[in-house]
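A.B. asks: Make a model of this:
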Amino acid sequence: MQKLFIISDIHGHYTVMKQALQDAGFNADDETHHLLCLGDLFDRGTQNAEVYEYMKTLHDKGKASCILGNHDLFLLEFLEGDFSSATFNAQFNGFDKTLESFSGMAFTNTDIETIHERILKRYPSLYDWLVNRPLFIEHDDYIFAHGGIDLTYEDWRQQPRNEFVWNYQSTLQAPDDKIVVVGHERTPMIRRKWNIENHSNSTILYHDNVIFIDAFVEKTQRINVLNLTLQKPLKNN
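C.D. replies: Prediction:
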């Protein structure tokens, strides 16, 4: 059996993430433990490079899997040379913290092209690692995604990349035969929208066949860790 530790929406909060995993009992040296991140490693916090290095190191050892989130997509598109949204995301989505963390340069005082070149030079494996992150992982009774799956498609697995990372599972139908585990939408916001429990409660939210785990770390300084015991181990993704 495998003990799966699931986190999401780290947003550059490396210290908070490490403490949450320690409190949950995650041990990278335990062969039965595996870490799964549902995306959004970056933005808003200041420790983005540290989060990446930790996740990539565990991934390369076969100890972690990581799904692509919408904030990870911001960085992926930037590394591909698409700067069209960089200023907007820096102003409204904390992307400046990611660029500064990886480049070691101040976003407001450095041109975009220079930051781009600096990141590629400092982290030559970053692009290849990001572009190969899966959009979802389907395993036995579970579907893991960042945003959500849309069952109105003939095959939800074929939905576009942007929908996987931007969907809100709270607005979509859940499958009858699987449990969907997602991040992306902050659990306090879902509680407020559905008028359930304490609206400030950022703990894991279970609803029908969906488990929501995004704890709104930039406000709460909390990262939820969901533990699942799997009969068949999750493959490294």
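A.B. asks: Stretch 150-163: end-to-end distance?
C.D. replies: One end of stretch 150-163 sits 8 Å from the other (CA to CA, to the nearest Å).
A.B. asks: let me fix that: stretch 76-83
C.D. replies: End-to-end for stretch 76-83, by CA to CA: 11 Å.
A.B. asks: buried residues in that stretch?
C.D. replies: 76-79 (16 or more other CB atoms under 10 Å). C-betas here are computed from N, CA, C, even on glycine.
A.B. asks: Save those residues as CSV, and put in distance to residue 194 too.
C.D. replies: Below are the buried residues of stretch 76-83 laid out as CSV (distance: CB to CB, whole Å):
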residue, distance to residue 194
76, 32
77, 33
78, 35
79, 37
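A.B. asks: Which of the residues you listed sits closest to residue 133?
C.D. replies: Relative to residue 133, the closest of these is residue 76; by CB to CB it sits at 8.4 Å.
A.B. asks: center of the chain, which residue is that?
C.D. replies: residue 39 (1.4 Å; CA atoms, centre = their mean).
A.B. asks: ok, which stretches of the chain are helices?
C.D. replies: Applying DSSP state H to the chain gives helices spanning 14-24, 48-60, 70-79, 86-92, 95-103, 112-122, 126-131, 161-166, 187-194, 217-220.
A.B. asks: Output those helices as CSV; include the columns distance to residue 181 and mean pLDDT.
C.D. replies: Putting the helices of the chain into CSV (distance: least, CB to CB, whole Å; pLDDT from 0 to 100) gives the following:
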stretch, distance to residue 181, mean pLDDT
helix 14-24, 15, 98
helix 48-60, 18, 98
helix 70-79, 17, 98
helix 86-92, 26, 96
helix 95-103, 25, 98
helix 112-122, 31, 98
helix 126-131, 21, 98
helix 161-166, 14, 98
helix 187-194, 13, 95
helix 217-220, 17, 97
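A.B. asks: Would you check that the residue nearest to the centre of the chain makes contact with residue 65?
C.D. replies: No - look at residue 39 against residue 65 with CB atoms under 8 Å: they stay out of range, at 10.9 Å.
A.B. asks: show me the contacts for the closest residue in space to the residue nearest to the centre of the chain that isn't next to it in sequence.
C.D. replies: Of all residues not flanking residue 39 in the chain, residue 69 sits nearest, at 2.5 Å (CB to CB, 6 or more residues apart in numbering). If you count contacts by CB atoms under 8 Å, 6 or more residues apart in numbering, residue 69 has them with 8-9, 38-41, 146-147, 165, 183-184.
A.B. asks: Tell me the one among the residues you listed nearest to residue 105.
C.D. replies: residue 41 (19.9 Å).
A.B. asks: Now for the closest one, how many residues are close by?
C.D. replies: 30 (other CB atoms under 10 Å).
A.B. asks: same thing with residue 55?
C.D. replies: 23.
A.B. asks: and what of residue 9?
C.D. replies: Other residues close to residue 9 by other CB under 10 Å number 27.
A.B. asks: Surely it touches residue 185?
C.D. replies: No - the pair residue 9 / residue 185 is not scored as a contact, 9.3 Å apart, by CB under 8 Å.
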